[in-house]
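**Student:** pasting the structure only:
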């Protein structure tokens, strides 16, 4: 469920229009009051501001200096708001004006000059403030045609720039941005092979008989693979789930010269004659990722329906009937859209390959501790800064399994917590012989009093489990608490459907639930059974010799 939002606009947006039904709760500012609304709206609610340039300039009296001053006032008001905003501010801007084509062939028009300068300022604000999102809504309007999305009749009768179609496009775009902000993107794309990655059935047509890379459908299948590759490069994990012979499928990957995808791009594959929903469960366990992180793409509607029925948490794509539409459909999927792509996202494929190699090696090793010592584990503590803040937010919003309390903090909240000198906030990066695993953990400790601290957040990516890194991190946390003079560290486990694995984490690392302190008991009286604490002078953490 999306949060309630407030919307303001330089022209009128009819509040009773059916376009707003799919948004949870929408409150509109009074018509003409957008400037005061922008300056005075509360900071703990999401707001949407929609600007139509034609509301601010007069085509019969163009003055670039005066017109940009109006836009500059908007930028100043935005910046003042963003300094204190705790919820997203989404700025939609439309610079479309129905001008004569020939006037813009040889020289930049007045509106184009304003747009270039204004968008440059907005881009700087977007980089400076994590909770500011700037959308050129004309890109969405153009998909439906400006003549369909704008309506002069509505303007003259109601001071509304948009048609019903335009209002629906605006509403859908608002919903998409908010959903992508508040909901983590999917992580895994699971693909069928025959008649999905290529045209034809490899077991019957052979590698040379497949449609791939030639004109017509063959080119469409190849472009679909390019779209898959695009998502893979941006951090999406690829898996195969095909009713087929294993050797036949890999022959295509290795021998068909028109293949865009390579075998090295595939992190997990289940190529057999089992039910595909069973294979999806197996892939989920292999990657140690929940099924709600999965997107399933299969040309066969029967297979899609089976997965929908048996695994409702998997996002099954209703594939377009014609393959020539698939590339565009995949490029524009909201499920994989990310407002921010981190360095860790770009390394995702290699990181999961490293994980697979590690699991294989540790499973065949005779002595776990000796093996872990041999892989040269190098954890490193990192302070929160502008370079890793997006990753800190991503960890906080997406980590479900190894997460003690599953408290979701946005970037600005993490930044605020880290600047408070009473808190202990840090990230952990890990390297070993398998490579740089990136930033994989976030810890937040808050002060209760001079002797007692509270472990507000302790979370870690599951892909590096098996190295006992969690013990090293809790030990570093305890060290930092001792340096601040704390004697006791309190831990709380808040159970969810996904974090059962951390239920006994603190008790395995020297914490106890034998609490007699009345102050602690009063603070956590609603969740007493899941509270543990460590006396910092006495606590002993296991497995630390792995990191010596």
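**Tutor:** Received, thanks. Computed from a predicted model, the values in this text were never measured in an experiment.
**Student:** so what's the closest residue in space to residue 128 that isn't next to it in sequence up against?
**Tutor:** Of all residues not flanking residue 128 in the chain, residue 82 sits nearest, at 7.7 Å (Cβ to Cβ, 6 or more residues apart in numbering). Bear in mind the C-beta positions are built from the backbone N, C-alpha and C, glycine included. Applying Cβ atoms under 8 Å, 6 or more residues apart in numbering, we find residue 82 in contact with 89, 125, 128, 129, 131, 132.
**Student:** From those residues, list the buried ones, please.
**Tutor:** Neighbour counting by 16 or more other Cβ atoms under 10 Å classes 89, 125, 129, 131, 132 among the contacts of residue 82 as buried.
**Student:** could I get those residues as TSV with secondary structure and distance to residue 496?
**Tutor:** Shown next, in TSV, are these (DSSP: H, G, I helix; E, B strand; the rest coil; distance: Cβ to Cβ, whole Å):
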residue	secondary structure	distance to residue 496
89	strand	30
125	helix	35
129	coil	30
131	coil	25
132	strand	30
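**Student:** Greatest separation within these: which pair is it?
**Tutor:** 125 and 131 (10.5 Å; Cβ to Cβ).
**Student:** Now for the residue nearest to residue 531 when sequence neighbours are not counted, how many residues are close by?
**Tutor:** The shortest distance from residue 531 to any non-neighbouring residue, by Cβ to Cβ, 6+ apart, is to residue 524 (4.7 Å). Using other Cβ atoms under 10 Å, residue 524 is surrounded by 16 other residues.
**Student:** same thing with residue 361?
**Tutor:** By other Cβ under 10 Å, neighbour count at residue 361 equals 14.
**Student:** now the longest strand along the chain, how far from the centre of its chain.
**Tutor:** Assignment by DSSP state E gives strand 435-447 as the longest strand of the chain. Mean-position distance between strand 435-447 and its chain equals 18 Å (Cα atoms, centre = their mean, to the nearest Å).
**Student:** Closest one to residue 396 out of the buried ones among the contacts of residue 82, please.
**Tutor:** After measuring the buried ones among the contacts of residue 82 against residue 396 - Cβ to Cβ - the closest member comes out as residue 131, at 14.3 Å.
**Student:** Tell me the pLDDT of the closest one.
**Tutor:** The model reports residue 131 with a pLDDT of 85.
**Student:** Excluding covalently adjacent residues, which one is nearest to it?
**Tutor:** Counting by Cβ to Cβ, 6+ apart, the nearest residue to residue 131 once its immediate chain neighbours are dropped is residue 88, at 4.9 Å.
**Student:** Also residue 38?
**Tutor:** Leaving aside its chain neighbours, residue 38 sits nearest to residue 77 (5.0 Å; criterion: Cβ to Cβ, 6+ apart).
**Student:** Give the buried residues for whatever helix or strand the one you found lives in.
**Tutor:** Using DSSP states H and E, residue 77 sits in helix 64-82. Across helix 64-82, burial judged by 16+ other Cβ under 10 Å covers 67, 68, 71, 74, 75, 77, 78, 81, 82.
**Student:** Centre of the chain to the helix or strand following it, how far?
**Tutor:** Following helix 64-82 in sequence order, the next helix or strand is strand 89-94 (DSSP H and E). When distances are taken as Cα atoms, centre = their mean, strand 89-94 is centred 20 Å away from the chain's centroid.
**Student:** So for strand 89-94, mean pLDDT?
**Tutor:** Average pLDDT, strand 89-94: 94.
**Student:** cool, stretch 377-392 as well?
**Tutor:** Rounded mean pLDDT across stretch 377-392 is 93.
**Student:** List the buried residues for that stretch?
**Tutor:** Neighbour counts over stretch 377-392 (16+ other Cβ under 10 Å) mark 377, 379, 382, 384, 388, 389, 390, 391, 392 as buried.
**Student:** Pull the number of nearby residues for residue 201.
**Tutor:** Per other Cβ under 10 Å, the neighbour tally for residue 201 reads 15.
**Student:** try residue 249
**Tutor:** Residue 249, neighbours per other Cβ under 10 Å, totals 21.
**Student:** likewise the one 5 residues further on?
**Tutor:** The criterion is other Cβ under 10 Å. On that basis, residue 254 has 11 neighbouring residues.
**Student:** Give me the pLDDT for it.
**Tutor:** In the predicted model, residue 254 carries a pLDDT score of 94.
**Student:** Please identify the helix or strand for it.
**Tutor:** helix 246-255.
**Student:** what's the answer for residue 11, then?
**Tutor:** Residue 11 belongs to no helix or strand, assigned by DSSP H and E.
**Student:** list the contacts for it?
**Tutor:** 52, 55, 155, 159, 160, 161.
**Student:** and the gap between it and residue 156?
**Tutor:** Distance from residue 11 to residue 156, counting by Cβ to Cβ, to the nearest Å: 12 Å.
**Student:** what do you get for residue 325?
**Tutor:** Using Cβ to Cβ, residue 325 is found at 38 Å from residue 156.
**Student:** Between these two, which has more neighbouring residues?
**Tutor:** Using other Cβ under 10 Å, the more surrounded residue of residue 325 and residue 156 is residue 325, with 13 against 9.
**Student:** low pLDDT regions in the stretch 301-450 of the chain?
**Tutor:** 339-342, 346 (pLDDT under 70).
**Student:** At which residues are the helices of it located?
**Tutor:** For the stretch 301-450 of the chain, the helices defined by DSSP state H, counting those that start in this stretch occupy 301-310, 326-331, 343-346, 348-364, 368-374, 389-398, 411-419.
**Student:** Check those helices for me and report the most buried one.
**Tutor:** Neighbour counts (mean count of other Cβ atoms under 10 Å) averaged over each of these peak at helix 389-398, with a mean of 21.
**Student:** Does residue 543 touch residue 468 like I think?
**Tutor:** Yes: at 3.8 Å, residue 543 counts as touching residue 468 under the criterion of Cβ atoms under 8 Å.
**Student:** Pull out the buried residues from stretch 287-306.
**Tutor:** Those would be 287-299, 303-304, 306, for stretch 287-306 by 16+ other Cβ under 10 Å.
**Student:** Over to stretch 425-444?
**Tutor:** Using 16+ other Cβ under 10 Å as the test for burial, stretch 425-444 gives 425-430, 432, 434, 436-444.
**Student:** what does stretch 91-106 give?
**Tutor:** By neighbour count on 16+ other Cβ under 10 Å, the buried set for stretch 91-106 is 91, 92, 93, 94, 95, 96, 97.
**Student:** Report the lowest-confidence entry in the buried residues of stretch 287-306.
**Tutor:** Among the buried residues of stretch 287-306, residue 288 carries the weakest pLDDT, at 83.
**Student:** What's opposite the closest residue in space to residue 377 that isn't next to it in sequence in the beta bridge?
**Tutor:** In this structure, residue 377 finds its nearest non-sequential neighbour in residue 432, 4.9 Å apart by Cβ to Cβ, 6+ apart. When assigned by DSSP bridges, residue 432 has beta-bridge partners residue 435.
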